[in-house]
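S.K.: kindly return the folded structure for what I paste below:
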Amino acid sequence: MAPVLTQVPVLDQHRILVVEDDPDFSAWEVRLLTQSGARVTLACDGAEALLALQHGVYDLIVCDLDLPRINGFELMDYARKQAIHDPFLFVTAHRGKANQAYAMAHGAQDFIPKPVKSGVFLERVGRLLASRAPAPARRGPQRVGRVSRRIGDFEVIGLLGYGGMGVVFRARQVSTGREVALKLLHMRCPGDSEEARCFEAECEAVAMLDHPNVVRLFAAGVDTQNGRPYLAMEAIKGVSLRDHLRRNTPTFGAALAITRGLTHAVQAAWHERLVHRDIKPSNVILSAGGMVKLLDFGLVKHLRGSQLQAEAGVLLGSPSYIAPERINGESEDCRTDLYAIGIVLYRMLAGRTPFRAPSDAQILSLHLCGRPRQISKYRHNVPEDFDRLLARLLAKRPEQRLSHPRILLEELDRIEAGLRAAGRLGEKPLGAKVPALHFRELSYQPPESPWNRGWLVAIGVVVLLGCVLAAVF
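M.R.: Next up, the predicted model:
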């Protein structure tokens, strides 16, 4: 028998956006809120929620954390960057204190772990809404649906995803009629600024790439309405490697094929003296036709020309995949991308990235001085050939790594030939996940001074000579 609420908060006319992919739990949330008088809009994933935020004003956003396409933290980050200050209440099965601390530190108003009782849920919602007047009428349709907007030669018709650099829309190029993926960056720069000219110059460099493992770039420019740069890219039907790895463990053969596709993409880019600098699973698409596609050249560096500059002191990119030379501000080349490919391969085989820490700064420190754990020691059927390859890819100094993508392709072919001969290409890594190296496990060991070592040798010789003389005399 369902519990009887003795006091139900009145949520009359308050507008609430519920973002939840579990149909049973979302139905429970919607039923409780509507019975209390709230007007509820439901979004089944983070992408639908983005469209809802673009159309409407809400008094509260009740959001899950682990969502398809765009997770709850990414959704909140987008809202804050767009000056949307509607309060966030996270209701999630991720009970860890680290998630709660991160949510509250980055702008959430409350955090409730699942399972939650109806009385507790409504009481916490009512507390957040107690001091807020109902939001004004919505700016758009009640249902989350089609976006209608023109950006240059492109008509936006839907949302594909969201990342740290921008929002990706499904769009149609008016002049050609073809469907594209249109990425609108968060950064703003006037069309005649130096930043805009550098951005367009880099996009032109990427447009030179015509390779089956690289997502084609059709056009780039700056939106005249808000000064944001945009890129129009090839639209691909498939799934990101990040989403694929959340649900699947690749076989050895699949891991090699994905790594080979990325290496071909890096080789094609390096032929034009381009360094991608942001290779990670979310920037890799596995197409429905079985192709590996590298996308998002927003941080590309062109060694023959200008480059897109970050703000002073700002290191752009995902901390888990950044090579040490980028952290130190040293010269970069194709070996910088090979390091990131090594992290991706490690993630596919080990089930996680090699370095984890509470803060980005600590993860960067691990890239500089931490040594990844060997995968074969934990996943007992992973050949040691992978460990030897990863040791060369993840070396701290670029000169200690494989020097060219071509050499990595040769190594992948060699490992694949051995696995094929043993009939093991279809195997998956077995055993416990490889424990990540954490920042607290690092201890600085100063190198032994040659001066100290020399004195120790001298003292040893004197002692030995004394013993010999004592024995003689």
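S.K.: residues near the closest residue to residue 400 other than its chain neighbours, how many?
M.R.: Leaving aside its chain neighbours, residue 400 sits nearest to residue 392 (7.5 Å; criterion: C-beta to C-beta, 6 or more residues apart in numbering). In this view, the C-beta of every residue, glycine as well, is placed from N, C-alpha and C. When neighbours are defined as other C-beta atoms under 10 Å, residue 392 has 16 of them.
S.K.: over to the one 4 residues further on?
M.R.: Summarising burial for residue 396: neighbours were counted as other C-beta under 10 Å, giving 16.
S.K.: try residue 101
M.R.: 12.
S.K.: circling back to that earlier point, before we move on, what's the pLDDT of the residue nearest to residue 400?
M.R.: Here, the pLDDT recorded for residue 392 equals 96.
S.K.: can you give me the helices in this structure?
M.R.: Under the criterion DSSP state H, the chain contains helices at 23-35, 46-55, 72-81, 97-105, 118-129, 194-207, 241-247, 252-271, 324-327, 334-350, 360-369, 384-393, 405-421, 450-472.
S.K.: what residues does the first one touch?
M.R.: The reference is to helix 23-35. 8, 11, 16, 18, 20, 40, 42, 44, 62, 91, 114, 118, 121-122, 125 (C-beta atoms under 8 Å, 6 or more residues apart in numbering).
S.K.: hang on, the earlier thing: who's in contact with the residue nearest to residue 400?
M.R.: Going by C-beta under 8 Å, 6+ apart, residue 392 touches 400, 401, 402.
S.K.: can you check residue 159 too?
M.R.: 47, 48, 50, 51, 147, 167, 168, 169, 170.
S.K.: and those residues, which is closest to residue 243?
M.R.: Checking those against residue 243 with C-beta to C-beta, the nearest one is residue 47 at 12.1 Å.
S.K.: surely the closest one touches residue 161?
M.R.: Yes: judged on C-beta atoms under 8 Å, residue 47 makes contact with residue 161 at a distance of 6.5 Å.
S.K.: please identify which of the helices of the chain is closest to residue 286.
M.R.: Among those, helix 241-247 comes nearest to residue 286, with 5.8 Å by C-beta to C-beta.
S.K.: packing partners of the closest one?
M.R.: Packed against helix 241-247 by the contact rule (3 or more C-beta pairs under 8 Å, 6 or more residues apart in numbering; DSSP states H and E) you find strand 284-287, helix 334-350.
S.K.: the longest one packs against which elements?
M.R.: In this structure, helix 334-350 packs against helix 241-247, helix 252-271, strand 274-275, helix 324-327, helix 384-393, helix 405-421, with contacts taken as 3+ C-beta pairs under 8 Å, 6+ apart.
S.K.: returning to what we had before: buried ones among the contacts of residue 392?
M.R.: By neighbour count, with 16 or more other C-beta atoms under 10 Å, the contacts of residue 392 hold 401, 402 as buried.
S.K.: tell me the one of the contacts of residue 392 nearest residue 58?
M.R.: residue 401 (49.1 Å).
S.K.: about what we covered before: list buried residues within the contacts of residue 159.
M.R.: The neighbour-count criterion (16+ other C-beta under 10 Å) marks 47, 48, 50, 51, 147, 167, 168, 169, 170 among those as buried.
S.K.: sort those residues by pLDDT and name the bottom one.
M.R.: Lowest pLDDT among the buried ones among the contacts of residue 159: residue 147, with 39.
S.K.: give me the average confidence score over stretch 231-242.
M.R.: Averaged across stretch 231-242, pLDDT comes to 89.
S.K.: now do it: distance to the chain's middle.
M.R.: 15 Å (C-alpha atoms, centre = their mean, to the nearest Å).
S.K.: next one: stretch 329-338
M.R.: With C-alpha atoms, centre = their mean as the basis, stretch 329-338 stands 19 Å off its chain's centre.
S.K.: what mean pLDDT does that stretch get?
M.R.: For stretch 329-338, mean pLDDT rounds to 94.
S.K.: could you work out the end-to-end span of that stretch for me?
M.R.: Using C-alpha to C-alpha, to the nearest Å, the end-to-end distance of stretch 329-338 comes to 17 Å.
S.K.: what's in contact with that stretch?
M.R.: Stretch 329-338 has contacts (C-beta under 8 Å, 6+ apart) with 263, 266-267, 269-270, 275-277, 279, 301, 303, 323, 325-326, 393, 398, 401-405, 408.
S.K.: now do 6 Å
M.R.: 266, 270, 275, 276, 279, 323, 325, 393, 398, 401, 402 (C-beta atoms under 6 Å, 6 or more residues apart in numbering).
S.K.: how close does the closest residue to the fourth one other than its chain neighbours sit to residue 408?
M.R.: It stands for residue 276. Of all residues not flanking residue 276 in the chain, residue 337 sits nearest, at 5.2 Å (C-beta to C-beta, 6+ apart). From residue 337 across to residue 408, the span is 10 Å (C-beta to C-beta, to the nearest Å).
S.K.: I am finished for the moment; much appreciated.
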